[in-house]
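Enquirer: Need coordinates for the below:
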Amino acid sequence: NAFLGLSPPQVQTLLQQPTHTDMYTYAMEHSVLFQNIPSQWYVDKTPSYVYNLKQVMERAGPGVKVVVTLKSYQATYQSWVKRRHASEKDFKAAYQLFQTSVQE
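Expert: Down below sits the predicted model:
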């Protein structure tokens, strides 16, 4: 299972890129998944980014647009428990990180 259709050495190179923008550019240039796709857009839908949004935005680089979608507290909790099989205490701690990140 290659990550994004990249070979293991390419994945290492991808992860060594200085910014998210550089990572996405590298992926689009080297991944077979993006061949013959006339796009300059890369949508990264990583839910965990929301818990450290400030750092993610800093690493993304200047001018990168960020869209954050929010579910209700209850819907987020249900998804958290279903996918992570985690406790309510773990969820509350992560949700507090999210709230702090958004306020920064």
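Enquirer: check contacts around residue 13.
Expert: Residues near residue 13 by C-beta atoms under 8 Å, 6 or more residues apart in numbering: residue 26. Yep, even glycine has a C-beta here, placed from its N, CA and C like the rest.
Enquirer: change it to 10 Å
Expert: In this structure, residue 13 makes contact with 6, 7, 23, 26, 30, judged by C-beta atoms under 10 Å, 6 or more residues apart in numbering.
Enquirer: Would you mind measuring from the first one to residue 33?
Expert: Looking back up the chat, that one is residue 6. Distance of residue 6 to residue 33, computed by C-beta to C-beta, to the nearest Å: 9 Å.
Enquirer: And those two? Which one has more around it.
Expert: residue 6 (18 against 12; other C-beta atoms under 10 Å).
Enquirer: Distance of that one relative to residue 91?
Expert: Relative to residue 91, residue 6 is positioned 33 Å away (criterion: C-beta to C-beta).
Enquirer: for residue 101, same thing?
Expert: Distance check for residue 101 against residue 91: by C-beta to C-beta, it reads 15 Å.
Enquirer: cool, and residue 3?
Expert: Distance of residue 3 to residue 91, given as C-beta to C-beta: 28 Å.
Enquirer: Also residue 65?
Expert: Between residue 65 and residue 91 the distance is 29 Å, computed by C-beta to C-beta.
Enquirer: Pull the contacting residues for the residue most central in space within the chain.
Expert: With distances taken as C-alpha atoms, centre = their mean, the chain has residue 46 as the residue nearest its mean C-alpha position (3.0 Å). By C-beta under 10 Å, 6+ apart, the residues touching residue 46 are 20, 56.
Enquirer: any idea which helix is longest in the chain?
Expert: If each helix of the chain is counted by residues according to DSSP state H, the longest one is helix 88-103.
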